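1. quick one, fold the following:
(chains A and B)
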Number of protein chains: 2
Amino acid sequence: MVVKVGLLGLGTVGTGTARILLDPLERHPLIQTVAIARVGVRSLDKPRQVTLPDEILTTDLDSIVTDESIQIVVELIGGLEPARSLILKAIAQGKHVVTANKAVIARYGDEIFTAANAAGVYVMLEAAVGGGIPVIQPLKQALGVNRIHAVTGIVNGTTNYILTRMQQEGGDFEPILADAQRLGYAEADPTADVDGLDGADKIAILASLAFGGRIKLSEVYCEGIRRVTAADIAYANRLGFVIKLLAIARRDVCPISNQHLDQLQVRVHPTLVPQGHPLASVNDVFNAILVEGDPIGQVMFFGPGAGSGPTASAVVSDILNVAATLHSNQGPTSVSTAPNPLLACIHQHYCQISPMATIVSRFYVRLLAKDAPGVIGKLGTCFGRHRVSLESVVQIGLQEDCAEIVIVSHEVKEADFQAALTEIGGYGEIKSVASVLRVL
Amino acid sequence: MVVKVGLLGLGTVGTGTARILLDPLERHPLIQTVAIARVGVRSLDKPRQVTLPDEILTTDLDSIVTDESIQIVVELIGGLEPARSLILKAIAQGKHVVTANKAVIARYGDEIFTAANAAGVYVMLEAAVGGGIPVIQPLKQALGVNRIHAVTGIVNGTTNYILTRMQQEGGDFEPILADAQRLGYAEADPTADVDGLDGADKIAILASLAFGGRIKLSEVYCEGIRRVTAADIAYANRLGFVIKLLAIARRDVCPISNQHLDQLQVRVHPTLVPQGHPLASVNDVFNAILVEGDPIGQVMFFGPGAGSGPTASAVVSDILNVAATLHSNQGPTSVSTAPNPLLACIHQHYCQISPMATIVSRFYVRLLAKDAPGVIGKLGTCFGRHRVSLESVVQIGLQEDCAEIVIVSHEVKEADFQAALTEIGGYGEIKSVASVLRVL
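-> Below is the predicted model:
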């Protein structure tokens, strides 16, 4: 049996996908049963880095998702529309879907998986998070037997590249972003990456798989790296931390019983990570996802988070997974078989997300204050009144006639901390609250 | 449909497995369709850490593998016999098998998978390598679309714990082994761990999956950590390396074309790993497996390599994988379906393994020599005559009237290097060749 695949898009990932499928030697033999039947492109004239017969290329993407001979539609055009409509149309036609599109899944996963479950087809998305790193499949299969407590990831290569360079060179954000854009590590419009939106899409997807419920993207707290400075990175380093943009999804823990609760925290923000932590040494464009659960403890997946080859590897692995079920369900007579419950999306309810104000975490703050006696005492008193217990208050140096004060708190409720900070920001002695970062 | 499971063994991993299956809340809902039908134990009277009905316990393990109601046999007794015979009998009875037994798979995988393929059943072994780390399944599925070049792992927790402590404390092997035994990190008979035999079993299994062919265990080169000294760890550190027991499987590379060849190198030995390498920071009892391939690049899997909970997580994930195919193959009429080609073992041939003498690698040597003029020149001349190019020769210090000389070579053929070393060992000026280690 040959499984016929229709590719929507022949850009970076599409080209990588076609390359693997056209060159099956020394790969899993099942690839040889997969054929590219049609490829949808924007323009037929564009030069290609992969050789495909002219007659399978088309600019009519609709004709691919409605093609009766095609069993798997591979959506690699990205963006929201027409990706969403094409995916839904493919599902309606009874086709399995493989996609690398985190934006469309994070926003329309609800609609898409409801449709897929009704049609009895699979929607596979290994390539949507972590590029080539197998993390979706392990979360669905190998790790699903665990009670997951937390998923913590460095899931955006661009920001990790920028933060790594800021750390290694002691440089500030803007010039390194500009250089990253010049080198092709950051887009001309870097918003989705540096403001954490890409990370939010990805952690919404990971949280959904890890905790078995849907996630409203609007409830994911999201803060980017624009305000991280070279000074903060240097101070963090002195305190034994590196600064990483983390995407975090974790079950809340009851402060009294220490038990894991049903509500989740789902958030993306720059974070001080202890230098010995497995995520601290993940540098450059690499991604890593740390999963914690019971009884497995900690497992981490590390690898290239983007790029043509790695992402195509994930896309083709999804194609093979679907092809394998098509092969193994092929009995002597044609029967309707149930979808594999480890490949299908099985949850329909929404997870309850805790508002940020209720979340408990440690904080790092850098303040510029007038170099007057009694400032530290006044700060300590204010934090204390707001039930914020401090681990350290250090006056690091002087900058423009101001004392630079770095404060690290113990675990405190976000609302209490922010209330204290608002009050402190109003003090005459405080010139500015230069940075506020959370500590892992 | 309820899937009935028979457990062989209720030791550490068996207990962990039963605990997950008996407590399905907040785990994958499919667990609720899996029932423990029988449990085979050595003695009925032993106190248990898990509560099971008395009537499902039996000392008659044969009665479990022949029980008609059981669909999946989970072999957790370890060792070669009766594990091998029970697995084969279960297969002959048409039962799927889940095992955590690397020793039996590495030695009898040939016989077991041939029987399983003939019977159309699955033999699953996620727990056999890397404890809880999902690595078998990604190699079979997500990474199988790649042309794998190398699999390099820290796959033995005991030796990694010993080497980590030797490095952190500057201590020697024997006292730290004794302490590890006292603390339960090493067995009373530590041979399988410290001599690398456990690592050899595991890399044979990983190589087989990564390169799609069977591996003869007798062809796996195996060297343990007994001869690693505190001095070597300290010198390695000065040179920018840490010493790790690595299990390595890689395709040979043609020295002229730089192309990957069909022959494999499969070997376990202590290795100098550059400090910036992803495996260098894997410490204590943690395991990690680095997979390199085309087009994915490098991916690494990190986590707990042993222990009741993590290993049980892997065992239950295999049970769920089989249960999922049983569920999804259940059509309206009973049909014989083909096994899923991503779960079944698909290769029958043996991989060709290169003899160690032909392998190219870098070496680290520590020599004790009489402190006489001209020794370094004589060493350099001898290595040169044997086509061994050196990167550095450093006389580090004096020990018992002898000069301690540390040599690091460039990439050289093992046979050339060993021939030079044999000649050097015979020199009157050389008191001893204290250590020979390979460099990654």
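
2. what residues of the strand or helix carrying A:V394 count as buried?
-> Taking DSSP states H and E as the definition, A:V394 sits inside strand A:390-399. Within strand A:390-399, the residues scored as buried using 16 or more other CB atoms under 10 Å in any protein chain shown are A:390, A:393. The way it works is simple: take the backbone N, C-alpha and C, and place the C-beta from them, glycine included.

3. quick one: mean pLDDT for it?
-> The pLDDT scores in strand A:390-399 average 85.

4. and the contacts of that strand?
-> Applying CB atoms under 8 Å, 6 or more residues apart in numbering or on different chains, the contact partners of strand A:390-399 are A:235, A:239, A:362, A:368, A:371, A:376, A:379-380, A:383, A:403-410.

5. ok, now stretch A:99-112?
-> Against stretch A:99-112 from outside (CB under 8 Å, 6+ apart): A:13, A:74-80, A:83-84, A:87-88, A:91, A:97, A:123-125, A:127-129, A:198, A:200-202, A:204-205, A:208, A:214-215, A:217, A:311, A:314-315, A:345.

6. at 6 Å instead, please
-> The contact list for stretch A:99-112 (CB atoms under 6 Å, 6 or more residues apart in numbering or on different chains) reads A:13, A:75-76, A:78, A:80, A:83-84, A:87, A:123, A:125, A:127-128, A:201-202, A:204-205, A:214, A:217, A:311, A:315.

7. whichever of those end up buried, select them in ChimeraX.
-> Paste this into ChimeraX to select the buried members of these, with burial taken from 16+ other CB under 10 Å:
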select /A:13,75,76,78,83,84,87,123,125,127,128,201,202,204,205,214,217,311,315
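
8. bridged to the nearest residue to A:Y122 once chain neighbours are set aside, which residues?
-> What sits nearest to A:Y122 in space, not counting adjacent residues and going by CB to CB, 6 or more residues apart in numbering or on different chains, is A:H96, at 4.7 Å. When assigned by DSSP bridges, A:H96 has beta-bridge partners A:I72.

9. how about A:H96, what does it touch?
-> If you count contacts by CB under 6 Å, 6+ apart, A:H96 has them with A:72, A:121-122, A:322.

10. inside strands: which ones of the contacts of strand A:390-399?
-> Among the contacts of strand A:390-399, the residues falling in strands (DSSP state E) are A:362, A:368, A:403-409.

11. TSV for the residues you listed, including pLDDT, neighbour count and distance to chain B?
-> Listed next are the ones in strands among the contacts of strand A:390-399 as TSV, based on pLDDT from 0 to 100; neighbours: other CB atoms under 10 Å in any protein chain shown; distance: CB to the nearest CB, whole Å:
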residue	pLDDT	neighbour count	distance to chain B
A:R362	96	17	24
A:L368	92	17	36
A:A403	89	19	37
A:E404	91	20	32
A:I405	92	20	33
A:V406	94	22	27
A:I407	94	22	30
A:V408	95	20	25
A:S409	96	22	28
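
12. and those, which two are furthest apart?
-> A:R362 and A:A403 (22.6 Å; CB to CB).

13. gap between A:R182 and A:A188?
-> 11 Å (CB to CB, to the nearest Å).

14. kindly report the same for A:G9.
-> On the measure of CB to CB, A:G9 and A:A188 end up 20 Å apart.

15. which one of these two is surrounded by more residues?
-> Using other CB atoms under 10 Å in any protein chain shown as the criterion, A:G9 and A:A188 rank with A:G9 on top: 23 against 5.

16. confidence score at the more buried one?
-> 96.

17. do the same with the one 5 residues further on
-> pLDDT, the model's per-residue confidence, is 96 for A:G14.

18. before we move on, back to that, from the contacts of stretch A:99-112, which land in strands?
-> Judged by DSSP E, strands contain the following of the contacts of stretch A:99-112: A:75, A:123.

19. where do the helices of the stretch 301-440 of chain A begin and end?
-> A:308-328, A:375-385, A:414-425 (DSSP state H, counting those that start in this stretch).
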